[in-house]
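S.K.: from the sequence below, what's the structure:
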Amino acid sequence: MVTVLGNLLIIMLISLDYRLHSPMYFFLSHFSFSEILTTTCVVPRMLADFLSKRKSMPFHEWFTQFYFYFLFGSTEFIFFTIISYDGYVAICHPLRYPATLTRPLCARLVTLAWVGSFLLILPSILLRSRLPFCGPNIIDHFFCDSAPFLNLACADVTFIELLDFVVSLVLLIGSLAMTIISYVYVIFTILKIPSGEGRQKAFSTCASHFTVVSMGYGIYIFVYVRPSQKQSLHLNKILFVLSSMVTPLLNPFIFSLRNETMKKALSEALGRVQAFTKDLRVIPVKNSNPCRFQS
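M.R.: Presented below is the predicted three-dimensional model:
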């Protein structure tokens, strides 16, 4: 609930506060939305399994969770690259920022994130849907991950593992390389700023993005950029607890507490809510038929 409400709060603040109507916060709102979708794909079902003695799932439900989890997860990494590019333009070319990141370009970048992730994982999904399955059909995981799925297949899955490795390499390493290049240019530009206050403000803007990017890439590269994913399943479960629950929980606090504009918007919104609740407590009631006393 904290994860969903925290990311929803970010989306609402960006939608309602005029100071947050810029490309950076537009991308951040879509990133928060993908975080909500990624978390809700996994956590509600996991919590339901905690309360049930017989933990079973139909194949179509299992496959649906698998598909949407990796769809939304892939979208997040594309947004990492887009947000880093936004920071590069804002800090390295501030005068050209409004002319570069126009509304049509921002809309195309967001469309690229959602459609691009769909096209990346579609071949692997289609190949998995044609696999034969046998055995006890028991998955040693708290959600429908790729490696436990392949363990149940009664066929050679070498090609699918190779395809997953290539897709993960293109998505994770490719987007990470572009993100690192953007941040390298940003750091060199910040170091050239003469005033210490200007450098501190620029670093604080990028620090929240860099923290989220480091956590996201570190876990997924370790898990997926390997030729075979059948080893270290228990370690993968621990890492997925971090990626699907802890990281989305921390992201709203990282973005809100390290961003001055976001903190001001949040404090003003809380002030308006507090003033509204005070007005509701004191509501004058008029008597439409007052009693008249005569002597």
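S.K.: which elements pack onto the lengthiest helix in the chain?
M.R.: Under DSSP state H, the helix in the chain containing the largest number of residues is helix 59-92. For helix 59-92, the helices and strands in contact under the criterion 3 or more CB pairs under 8 Å, 6 or more residues apart in numbering; DSSP states H and E are helix 23-51, helix 97-100, helix 103-129, helix 146-151, helix 174-191, helix 196-224. C-beta: built from backbone N, CA, C; applies to glycine.
S.K.: which of these comes out lowest on mean pLDDT?
M.R.: Across the helices and strands packed on helix 59-92, the stretch with the lowest average pLDDT is helix 196-224; it has a mean of 70.
S.K.: now the element after that one, going C-ward?
M.R.: Per DSSP states H and E, helix 196-224 leads on to helix 233-241 as the next helix or strand towards the C-terminus.
S.K.: what comes into contact with that following helix?
M.R.: The set of residues that contact helix 233-241 without belonging to it, under CB atoms under 8 Å, 6 or more residues apart in numbering, is 42, 140-143, 145, 147-148, 219, 222-223, 229.
S.K.: list the buried residues for it?
M.R.: For helix 233-241, a neighbour-count test (16 or more other CB atoms under 10 Å) marks 236, 240 as buried.
S.K.: so how far is it from its chain's centroid?
M.R.: 19 Å (CA atoms, centre = their mean, to the nearest Å).
S.K.: and it, average pLDDT?
M.R.: Confidence over helix 233-241 (mean pLDDT, whole number) is 72.
S.K.: CA atoms of that helix as PDB?
M.R.: Written as PDB, here are the backbone C-alpha positions of helix 233-241 (Å, rounded to 0.1, in the frame of the first residue of the first chain):
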ATOM      1  CA  LEU A 233      17.400 -19.800  -7.900                       C
ATOM      2  CA  HIS A 234      17.300 -19.100  -4.200                       C
ATOM      3  CA  LEU A 235      19.600 -16.100  -4.600                       C
ATOM      4  CA  ASN A 236      17.400 -14.900  -7.400                       C
ATOM      5  CA  LYS A 237      14.400 -15.000  -5.100                       C
ATOM      6  CA  ILE A 238      16.200 -12.800  -2.600                       C
ATOM      7  CA  LEU A 239      17.200 -10.300  -5.300                       C
ATOM      8  CA  PHE A 240      13.600 -10.200  -6.700                       C
ATOM      9  CA  VAL A 241      12.300  -9.300  -3.200                       C
END
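S.K.: so which residue is dead centre in the chain?
M.R.: In the chain, the centroid-proximal residue (CA atoms, centre = their mean) is E35; its distance is 3.1 Å.
S.K.: could I get stretch 163-174 in PDB with only the CA atoms?
M.R.: Output for stretch 163-174, consisting of C-alpha atoms alone and laid out as PDB, is shown next (Å, rounded to 0.1, in the frame of the first residue of the first chain):
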ATOM      1  CA  LEU A 163      17.300 -15.400 -26.900                       C
ATOM      2  CA  ASP A 164      16.600 -14.200 -23.300                       C
ATOM      3  CA  PHE A 165      20.300 -13.500 -22.800                       C
ATOM      4  CA  VAL A 166      20.500 -11.500 -26.000                       C
ATOM      5  CA  VAL A 167      17.300  -9.500 -25.200                       C
ATOM      6  CA  SER A 168      18.600  -8.800 -21.700                       C
ATOM      7  CA  LEU A 169      22.000  -7.800 -23.000                       C
ATOM      8  CA  VAL A 170      20.400  -5.400 -25.500                       C
ATOM      9  CA  LEU A 171      17.900  -3.900 -23.000                       C
ATOM     10  CA  LEU A 172      20.000  -3.700 -19.800                       C
ATOM     11  CA  ILE A 173      23.500  -3.200 -21.100                       C
ATOM     12  CA  GLY A 174      22.400  -1.000 -24.000                       C
END
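S.K.: picking up where we left off before, can you check what angle separates the longest helix of the chain from helix 103-129?
M.R.: Put simply, helix 59-92 runs at 150 degrees to helix 103-129, going by axes from the mean of the first three to the mean of the last three CA atoms, to 10 degrees.
S.K.: wait, doesn't G216 sit right on E76?
M.R.: Yes. Under the criterion of CB atoms under 8 Å, G216 makes contact with E76 at 6.5 Å.
S.K.: list phi and psi for K53.
M.R.: Backbone geometry at K53, expressed as degrees, to the nearest 10, gives phi -80, psi -40.
S.K.: same deal with the one 4 residues further on?
M.R.: Dihedral pair for M57: phi -150, psi 130, per degrees, to the nearest 10.
S.K.: and it, what does it touch?
M.R.: By CB under 8 Å, 6+ apart, the residues touching M57 are 45, 65, 144.
S.K.: and those as TSV, adding neighbour count and distance to L126?
M.R.: Listed next are the contacts of M57 as TSV, based on neighbours: other CB atoms under 10 Å; distance: CB to CB, whole Å:
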residue	neighbour count	distance to L126
R45	17	24
Q65	17	17
C144	22	16
